[in-house]
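Novice: Fold the stuff below for me.
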Amino acid sequence: MRYFVAPILILVFVAAVGYFFLVPAFAGKLAVPSQVGIDGYGLRFYSLAILSGILAAFFVAKKFSAGFSLSQSNLEDLILLGVLGGLAGARLHHVLSEWAFYANRPELVPRFWLGGLGFFGAIIGALAAVGLYGRIKKLDLWKIFDLLAIVAPLGQAIGRWGNFFNQEAYGLPTALPWKMYVRPEHRLLEYLDASFFHPVFLYESFLDLMIFAFMLYLFRRRLPKGALFASYIIFYSMLRFFLEPLRADANLFSGFYSNQLLALVFMGLAAGVLFFAYKRRQKRA
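Specialist: Just a heads-up that it's a prediction; the model follows:
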């Protein structure tokens, strides 16, 4: 029974926060703060959400590291490099997709804490940093990618709440019961007359948790090396493919949603990795 005490207390706390803060905030009856002041300094909730997601992913990864033949010191280095590479790639992705805005505001480019990170850029940046470290240390890259694939959706589920506090990455206007209020100063020009929008960040956070649970299930299935990583890329790319049309800030490329096109590319590449992972195991059998 004692093993269930902590999870139950956490659920009670989350329910209390949801009732006393999130419900009125979504209804527009309570202002959503973007930061909290500490000794004259402003700590942005966006950064706090991302940091919380990173820490949660790290502590879970520590539990699984032994199963992937990864030492604690190597794991710490990999998480740090993966985060730095992922942030750089994610920011670059966002800036390039919004170049018309940033071209005349170069001072805003490094300020990722104000919002604006692209997932597919994060994947490329993180893989590049982790892959380079793995090659130097002569580690098994597929095992590293598989481990990171297990914990990445947990970190994303938590980090997505930064969008809520920044009042960004919301969806199209809606009148559904779970609609989210967005203050006028955070609304896109074409939606200034609307007050309530799809909470796309919440949809993704919930679906990320589902992916995390499914990745834990797949881990116990003893898949070939690389299969966990490929599965994660496929699941998350599918998630983005179906959620992208709901986003109010979705970018178009030649009449198509740019992130949907990227999702298809990543799904195709991941399907190839999955195919060769099983082929490789069949040859060794």
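Novice: Output the below-cut-off pLDDT ranges for the stretch 151-285 of the chain.
Specialist: Low-confidence segments of the stretch 151-285 of the chain, defined by pLDDT under 70: 285.
Novice: Now do the helices in it.
Specialist: Using DSSP state H, counting those that start in this stretch, the helices of the stretch 151-285 of the chain run over residues 161-166, 200-219, 227-243, 258-284.
Novice: Output the contacting helices and strands for the last one.
Specialist: Pointing back at helix 258-284 there. Packing partners of helix 258-284 (3 or more Cβ pairs under 8 Å, 6 or more residues apart in numbering; DSSP states H and E): helix 119-137, helix 227-243. Every residue, glycine included, has its C-beta placed from N, CA and C.
Novice: and if you look at the third one?
Specialist: With contacts taken as 3+ Cβ pairs under 8 Å, 6+ apart, helix 227-243 sits against helix 119-137, helix 141-159, helix 200-219, helix 258-284.
Novice: Could you pull out the buried residues of that helix?
Specialist: Residues 227-241, 243 are the ones in helix 227-243 that count as buried (16 or more other Cβ atoms under 10 Å).
Novice: for stretch 203-223, same thing?
Specialist: Buried residues in stretch 203-223, counted by 16+ other Cβ under 10 Å: 203-205, 207-208, 211-212, 215, 218-219, 223.
Novice: With stretch 132-150 instead?
Specialist: 133-134, 139, 141-150.
Novice: Closest to R247 out of the residues you listed?
Specialist: For these, the closest approach to R247 (Cβ to Cβ) belongs to A149, at 24.3 Å.
Novice: what's the spacing between that closest one and R105?
Specialist: A149 sits 35 Å away from R105, going by Cβ to Cβ, to the nearest Å.
Novice: How about F235?
Specialist: 35 Å.
Novice: Same check on M267?
Specialist: Counting by Cβ to Cβ, the gap from M267 to R105 is 34 Å.
Novice: more crowded one of these two?
Specialist: Between M267 and R105, M267 has the larger neighbour count (other Cβ atoms under 10 Å), namely 19 against 10.
Novice: Look at the nearest residue to S237 once chain neighbours are set aside and say how many residues are nearby.
Specialist: Closest residue to S237 apart from its sequence neighbours, by Cβ to Cβ, 6 or more residues apart in numbering: A263 at 4.1 Å. Using other Cβ under 10 Å, A263 has 24 neighbouring residues.
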